[in-house]
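Visitor: For reference, the sequence and a predicted model appear below.
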Amino acid sequence: MSFLVMGMASQQPVQVDDVRPILTSFPNFVPLFQQLGAKLQLV
C-alpha cells in the first residue's frame, strides 16, 4: 500500500505484482484510494 501511495507522487506508474495482501489486510483500500484520485487497474 505504501508503494501505491508513493505512486501518487511519482512521474512513472507503479506496479504491484500481488494485491492479495492489500485486499486481505485493508479490504476498502482500493475504493478509498480511488476516491483520492488514484487510477488503479486490477488484473
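Guide: Thanks, I have it.
Visitor: Distance of residue 12 relative to residue 6?
Guide: Between residue 12 and residue 6 the distance, using Cβ to Cβ, to the nearest Å, works out to 11 Å. C-betas here are computed from N, CA, C, even on glycine.
Visitor: higher neighbour count, these two?
Guide: residue 6 (10 against 6; other Cβ atoms under 10 Å).
Visitor: what about residue 22, helix or strand, and which?
Guide: helix 20-25 (DSSP states H and E).
Visitor: in that helix, what's buried?
Guide: For helix 20-25, the neighbour count (16 or more other Cβ atoms under 10 Å) marks residue 22 as buried.
Visitor: Mind checking what helix or strand follows that helix in sequence?
Guide: On the C-terminal side of helix 20-25, the closest following helix or strand by DSSP H and E is helix 29-35.
Visitor: burial count for residue 33?
Guide: Quick note: residue 33 (other Cβ under 10 Å) scores 19 neighbours.
Visitor: swap that for residue 16, please
Guide: 13.
Visitor: Hmm, residue 6 and it touching each other?
Guide: No. Using Cβ atoms under 8 Å, residue 16 is not in contact with residue 6; the gap is 11.1 Å.
Visitor: Overlap in contacts, those two.
Guide: When Cβ atoms under 8 Å, 6 or more residues apart in numbering defines a contact, no residue borders residue 16 and residue 6 alike.
Visitor: who touches residue 40 in this structure?
Guide: 4, 30, 33-34.
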